[in-house]
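Peer 1: Make a model of this:
(one chain, ligands or ions: 1)
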Amino acid sequence: MAAPQSSGSIPPSIADAYDPERFRRDGHALIDALADQLAAATGRDEAPVLALGDPTAARAAWAFDPAASPVALVDTLTAAAAGAIRLHHPRYLGHQVPPPIPGAALGDLVSALCNNGMSVYEMGPTAMPIEFAVIDWMAQAVGLPSTATGVLTSGGSVGNLTALLAARQARAGWDVWGAGDPGGPPLAVLCSSQVHYSIARALRIMGWGADGAIAVPVDDRFRLDPAALPAALERARALGRRVIAVVASAGATATGAFDPLLAIGDFCAAHGLWLHVDGAHGAALAISKHRALVDGLARADSIVWDAHKMLAMPALCTAVLFREPGRAYEAFAQEASYLFEGARPDAEWWNLGLRTLECTKRMMALKLYACLRAYGPGLFTDYVERTVALGAALAARLAATDDFELATPPDANIVCYRWRPRGAPAPGPALDAFTAQLRRRAVADGRFYILQTRLGAGLWLRSALMNPLTEDRDLDELLDHVRALGADLVTE
Ligand SMILES: Cc1ncc(COP(=O)(O)O)c(C=O)c1O
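Peer 2: The predicted structure is shown next:
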């Protein structure tokens, strides 16, 4: 009998790439180099927070040349980190992306190495229970009943889509999953103009079009005005839409405004509407002394909460929480027989893939779980309170000057402001152009990282205070920095 076909021997390239000793050496060298970079950033070195080159040149510089001689793994990795925007630098005052707790990054390393896809328990024997531990902690933190449950998704945008799909399945009045959308009248949600754009995207993905979101006016601090909800409901009806939910923001993206959840919850209860709270940014205030801002969160049917925002985790780690446990299966009611047994989904509650769009996903709970166990929940309370205190401190500094203007007093740690010294243009397109030029100069300079946003008719500078290592001296310097950047733009 002929010998069975052989697979041959393992190529040296494979043996080398998988060599545990090589991994050990590379790992130690990498951590040493990253720790040095971290020390420089947190020690507020004088290098820019952001050194942004021309995008075409950057692309050319990083293009991969298959003919080039090999570059050590650690050299490429440290170079990529060295050229990154440095979130750990105290002068990083930009997007709602935190400088991650360094220990949490080690959690992601373990996730990457184990690669436990975890749609099914068998592929994540530790990942699954750890995900539930994190979900349970988060659900309890926002005051949901002990039966509440959920799932982790790769980001708040996927989280909002997941929650809205569940809301549709629960409240449409027909089986949308089975019959499709034409099974009934066109649907809609009520929400303010300040909701994150992922809400409008989710509604359009569901096929509801532009009228799927019926706008509810905001008050002078950009919070949804609950008194305007009945008229919005009427408007939806006049458009032939059946409203099934209200989407509220607990920390709207632009200004960080918190919608009044208790009043919105009353309205939802009175009209049989699903309440979805996008707490991607601000649900974390529930674990702080500022929890009054999220009063009513516990009444939500679904909540999205990004741990990669106000829990200082590396991206991504989003909880989608459902008050009623069965709702966790409504977003994706599909059966995949090669994965799941095909019984009632809750008979396989341990197979988390039944609850998410994602099939493969990271062990994203691990980093948060490990940090909770290592540092205790108090670290996260301190993080939230520190960053909110920084928001208040920046706002107070701006308000105390005659040349800066605050768009609105911040609810938490997102501050919108503009520089209006004597000689600056009056509000309108000229002031917007002036503000945009300041922001362009700030980015080119790189000493601080700040943003801009459009609020109502005007353009404003915007800072999310996400770095707990920022101090008052940085805030003082920011104001002087903006003045210096714009000095030659002002005509006395
Ligand atoms: C309020 C709000 N919801 C949702 C999102 C989207 O989250 P992600 O970036 O994790 O997709 C953001 C992002 O900034 C946000 O501010």
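Peer 1: what about the residue of the stretch 51-200 of the chain found nearest the ligand, neighbour count?
Peer 2: Nearest residue of the stretch 51-200 of the chain to the ligand, counting by Cβ to the nearest ligand atom: residue 156, 2.6 Å away. Heads up, the C-betas are built off the backbone N, CA and C, glycines and all. For residue 156, the neighbour count with other Cβ atoms under 10 Å is 26.
Peer 1: what residues are up against it?
Peer 2: Residue 156 makes contacts with 196, 198, 278, 280, 304, 306, 309, 318, as judged by Cβ atoms under 8 Å, 6 or more residues apart in numbering.
Peer 1: do residue 391 as well
Peer 2: 256, 410, 412-415, 465.
Peer 1: on that earlier part again, can you say which of the contacts of residue 156 are also within reach of the ligand?
Peer 2: 196, 198, 278, 280, 306, 318 (Cβ under 6 Å from any ligand atom).
Peer 1: What separation do you get for residue 463 and residue 451?
Peer 2: 7 Å (Cβ to Cβ, to the nearest Å).
Peer 1: Which one of the two is surrounded by more residues?
Peer 2: Each of residue 463 and residue 451 has its neighbours counted (other Cβ under 10 Å); residue 463 has more, 25 against 19.
Peer 1: Excluding chain neighbours, give the residue nearest to that one in space.
Peer 2: Nearest non-adjacent residue to residue 463, counting by Cβ to Cβ, 6 or more residues apart in numbering: residue 93, 4.0 Å away.
Peer 1: Let me know the helix or strand that residue 460 is in.
Peer 2: According to DSSP states H and E, residue 460 maps onto strand 458-464.
Peer 1: hmm, who's touching that strand?
Peer 2: Contacts with strand 458-464, where a contact means Cβ under 8 Å, 6+ apart, come from 93-96, 254, 256, 394, 407, 413-419, 427, 431-432, 435-436, 438-439, 450-454, 478, 482.
Peer 1: which of the residues in stretch 381-396 are buried?
Peer 2: For stretch 381-396, a neighbour-count test (16 or more other Cβ atoms under 10 Å) marks 383-388, 390-395 as buried.
Peer 1: Just give the nearest non-adjacent residue to residue 279, would you?
Peer 2: Among residues not flanking residue 279 along the chain, residue 250 sits closest, at 3.8 Å (Cβ to Cβ, 6+ apart).
Peer 1: quick one: contacts for the one you found?
Peer 2: For residue 250, the contacting residues are 258-259, 261, 277-279, 281-283, 285, 293-294, 297, 303, by Cβ under 8 Å, 6+ apart.
Peer 1: Now it. Its backbone dihedrals?
Peer 2: Main-chain dihedrals, residue 250, degrees, to the nearest 10: phi -110, psi 90.
Peer 1: Likewise for residue 306?
Peer 2: Note on residue 306: backbone dihedrals following degrees, to the nearest 10 are phi -90, psi 120.
Peer 1: So it versus residue 371, what's the distance?
Peer 2: Residue 306 is 15 Å from residue 371, by Cβ to Cβ.
Peer 1: ok, these two, which is more surrounded?
Peer 2: For residue 306 versus residue 371, neighbours defined as other Cβ under 10 Å are more numerous around residue 306 (29 against 23).
Peer 1: what's across from that one in the sheet?
Peer 2: residue 318 (DSSP bridges).
Peer 1: Quick check: it touching residue 157?
Peer 2: No. Under the criterion of Cβ atoms under 8 Å, residue 306 makes no contact with residue 157, lying 9.8 Å away.
Peer 1: So which of the contacts of residue 156 wins on neighbours?
Peer 2: Among the contacts of residue 156, the one with the most neighbours (other Cβ under 10 Å) is residue 304, at 33 neighbours.
Peer 1: Could you verify that it is part of a strand?
Peer 2: Yes. Assessed by DSSP: H, G, I helix; E, B strand; the rest coil, residue 304 belongs to a strand.
Peer 1: pLDDT score assigned to the residue of the chain most remote from its centre?
Peer 2: The centre of the chain is farthest from one residue, residue 1, which by Cα atoms, centre = their mean lies 62.0 Å away. Residue 1 is assigned 75 on the pLDDT scale.
Peer 1: Report the separation between it and residue 452.
Peer 2: 75 Å.
Peer 1: what does the stretch 151-300 of the chain put close to the ligand?
Peer 2: Selection of the stretch 151-300 of the chain residues close to the ligand by Cβ under 6 Å from any ligand atom yields 155-157, 196, 198, 249, 251, 253, 278, 280-281.
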